[in-house]
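> build the 3D model from these lines:
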Amino acid sequence: MSASDAISQAGDGTQQTRSSLLTSVLSLFASSSTLICCALPALLVALGAGAALSGLVGAFPQIVWLSEHKVSLFIFAGLMLAASGGLQWVNRNAPCPIDPALRDACLRTRKVSLRVYWVSVGIYLVGGFFAFVLPLLT
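Residues are numbered from 1 along each chain as shown. Model prediction:
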(Lines give C-alpha, C1' and ligand atoms only; values in the text may rest on other atoms or scores of the structure.)
Protein backbone atom coordinates (compact mmCIF):
# COMPACT_ATOMS: atom_id res chain seq x y z
CA MET A 1 0.00 0.00 0.00
CA SER A 2 1.37 3.40 -0.94
CA ALA A 3 1.50 6.45 1.33
CA SER A 4 -1.31 8.13 -0.63
CA ASP A 5 -3.54 5.07 -0.09
CA ALA A 6 -2.85 5.20 3.65
CA ILE A 7 -3.69 8.91 3.76
CA SER A 8 -6.84 8.29 1.74
CA GLN A 9 -7.93 5.52 4.11
CA ALA A 10 -7.15 7.66 7.16
CA GLY A 11 -9.22 10.50 5.71
CA ASP A 12 -12.14 8.13 5.09
CA GLY A 13 -12.00 6.90 8.69
CA THR A 14 -12.02 10.42 10.07
CA GLN A 15 -14.90 11.40 7.78
CA GLN A 16 -16.88 8.29 8.75
CA THR A 17 -16.30 8.99 12.44
CA ARG A 18 -17.48 12.58 12.02
CA SER A 19 -20.63 11.49 10.18
CA SER A 20 -21.27 8.93 12.90
CA LEU A 21 -20.95 11.62 15.58
CA LEU A 22 -23.23 13.94 13.61
CA THR A 23 -25.97 11.34 13.28
CA SER A 24 -25.60 10.47 16.97
CA VAL A 25 -26.10 14.12 17.93
CA LEU A 26 -29.08 14.43 15.57
CA SER A 27 -30.61 11.29 17.04
CA LEU A 28 -30.06 12.74 20.52
CA PHE A 29 -32.08 15.82 19.55
CA ALA A 30 -34.78 13.68 17.94
CA SER A 31 -35.07 11.41 20.96
CA SER A 32 -35.01 14.40 23.33
CA SER A 33 -38.15 15.67 21.64
CA THR A 34 -39.87 12.45 22.72
CA LEU A 35 -39.09 13.39 26.31
CA ILE A 36 -40.46 16.88 25.84
CA CYS A 37 -43.68 15.72 24.23
CA CYS A 38 -44.50 12.84 26.48
CA ALA A 39 -42.31 12.16 29.52
CA LEU A 40 -42.05 15.71 30.87
CA PRO A 41 -45.82 16.40 30.93
CA ALA A 42 -46.53 12.97 32.46
CA LEU A 43 -43.87 13.50 35.11
CA LEU A 44 -45.19 16.93 36.06
CA VAL A 45 -48.75 15.65 36.33
CA ALA A 46 -47.61 12.61 38.35
CA LEU A 47 -45.80 14.91 40.77
CA GLY A 48 -48.91 17.05 41.16
CA ALA A 49 -47.36 19.96 39.32
CA GLY A 50 -50.21 20.57 36.90
CA ALA A 51 -49.86 24.33 37.38
CA ALA A 52 -46.19 24.11 36.38
CA LEU A 53 -47.20 22.15 33.28
CA SER A 54 -49.80 24.81 32.47
CA GLY A 55 -47.16 27.52 32.79
CA LEU A 56 -44.75 25.52 30.64
CA VAL A 57 -47.36 25.06 27.92
CA GLY A 58 -48.18 28.77 28.13
CA ALA A 59 -44.52 29.63 27.61
CA PHE A 60 -43.88 26.94 24.97
CA PRO A 61 -47.14 26.12 23.14
CA GLN A 62 -45.20 23.91 20.71
CA ILE A 63 -45.29 21.18 23.37
CA VAL A 64 -48.98 20.68 22.58
CA TRP A 65 -48.18 20.26 18.87
CA LEU A 66 -45.48 17.70 19.69
CA SER A 67 -47.91 15.78 21.89
CA GLU A 68 -50.56 15.77 19.17
CA HIS A 69 -48.06 14.35 16.65
CA LYS A 70 -46.29 11.91 18.95
CA VAL A 71 -46.61 8.90 16.62
CA SER A 72 -44.88 10.75 13.79
CA LEU A 73 -42.33 12.09 16.23
CA PHE A 74 -41.50 8.61 17.51
CA ILE A 75 -41.28 7.20 14.00
CA PHE A 76 -38.87 9.97 12.97
CA ALA A 77 -36.78 9.56 16.13
CA GLY A 78 -36.71 5.78 15.65
CA LEU A 79 -35.51 6.18 12.06
CA MET A 80 -32.80 8.58 13.19
CA LEU A 81 -31.70 6.15 15.89
CA ALA A 82 -31.65 3.28 13.38
CA ALA A 83 -29.53 5.33 10.96
CA SER A 84 -27.18 6.35 13.74
CA GLY A 85 -26.92 2.78 15.01
CA GLY A 86 -26.16 1.58 11.50
CA LEU A 87 -23.37 4.11 11.12
CA GLN A 88 -22.02 3.19 14.56
CA TRP A 89 -21.91 -0.45 13.46
CA VAL A 90 -20.29 0.28 10.10
CA ASN A 91 -17.66 2.57 11.64
CA ARG A 92 -16.80 0.40 14.62
CA ASN A 93 -13.56 -0.77 12.96
CA ALA A 94 -12.97 2.14 10.57
CA PRO A 95 -9.31 3.11 10.22
CA CYS A 96 -8.00 6.12 12.11
CA PRO A 97 -5.05 8.29 11.01
CA ILE A 98 -1.53 7.08 11.72
CA ASP A 99 -0.49 10.30 13.46
CA PRO A 100 -0.76 9.62 17.23
CA ALA A 101 -2.60 12.87 18.04
CA LEU A 102 -5.10 12.41 15.23
CA ARG A 103 -5.52 8.72 16.08
CA ASP A 104 -6.30 9.57 19.70
CA ALA A 105 -8.80 12.22 18.59
CA CYS A 106 -10.41 9.71 16.23
CA LEU A 107 -10.74 7.06 18.93
CA ARG A 108 -12.02 9.61 21.46
CA THR A 109 -14.63 10.85 18.97
CA ARG A 110 -15.71 7.27 18.30
CA LYS A 111 -16.22 6.65 22.04
CA VAL A 112 -18.12 9.91 22.54
CA SER A 113 -20.30 9.12 19.55
CA LEU A 114 -21.16 5.70 20.97
CA ARG A 115 -22.02 7.19 24.37
CA VAL A 116 -24.25 9.83 22.78
CA TYR A 117 -25.98 7.08 20.81
CA TRP A 118 -26.77 4.99 23.89
CA VAL A 119 -27.99 8.04 25.81
CA SER A 120 -30.28 8.75 22.85
CA VAL A 121 -31.62 5.20 22.92
CA GLY A 122 -32.29 5.51 26.66
CA ILE A 123 -34.13 8.80 26.21
CA TYR A 124 -36.17 7.30 23.37
CA LEU A 125 -37.19 4.33 25.52
CA VAL A 126 -38.19 6.54 28.46
CA GLY A 127 -40.25 8.76 26.16
CA GLY A 128 -41.86 5.70 24.57
CA PHE A 129 -42.77 4.30 27.97
CA PHE A 130 -44.51 7.52 29.01
CA ALA A 131 -46.20 7.99 25.62
CA PHE A 132 -47.47 4.49 24.89
CA VAL A 133 -47.04 2.05 27.79
CA LEU A 134 -47.99 4.12 30.83
CA PRO A 135 -51.39 5.20 29.40
CA LEU A 136 -52.26 1.52 28.92
CA LEU A 137 -51.38 0.74 32.54
CA THR A 138 -53.57 3.47 34.04
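
> can you name the residues that contact the residue nearest the centre of the chain?
In the chain, the residue lying closest to the centroid (C-alpha atoms, centre = their mean) is Leu28, at 2.2 Å. If a contact means C-beta atoms under 8 Å, 6 or more residues apart in numbering, then Leu28 has Val116, Val119, Ser120, Ile123 as its contacts. Bear in mind the C-beta positions are built from the backbone N, C-alpha and C, glycine included.

> take those and lay them out in JSON lines including neighbour count and secondary structure.
Supplementary listing: the contacts of Leu28 in JSON lines, determined by neighbours: other C-beta atoms under 10 Å; DSSP: H, G, I helix; E, B strand; the rest coil:
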{"residue": "Val116", "neighbour count": "20", "secondary structure": "helix"}
{"residue": "Val119", "neighbour count": "15", "secondary structure": "helix"}
{"residue": "Ser120", "neighbour count": "26", "secondary structure": "helix"}
{"residue": "Ile123", "neighbour count": "21", "secondary structure": "helix"}
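
> closest one of these to Gly86?
Ser120 (13.6 Å; C-beta to C-beta).

> separation between the closest one and Thr34?
Using C-beta to C-beta, to the nearest Å, one gets 10 Å for the distance from Ser120 to Thr34.

> can you show me the helices along this structure?
For the chain, the helices defined by DSSP state H cover 3-34, 40-46, 50-59, 62-68, 70-90, 100-128, 134-137.
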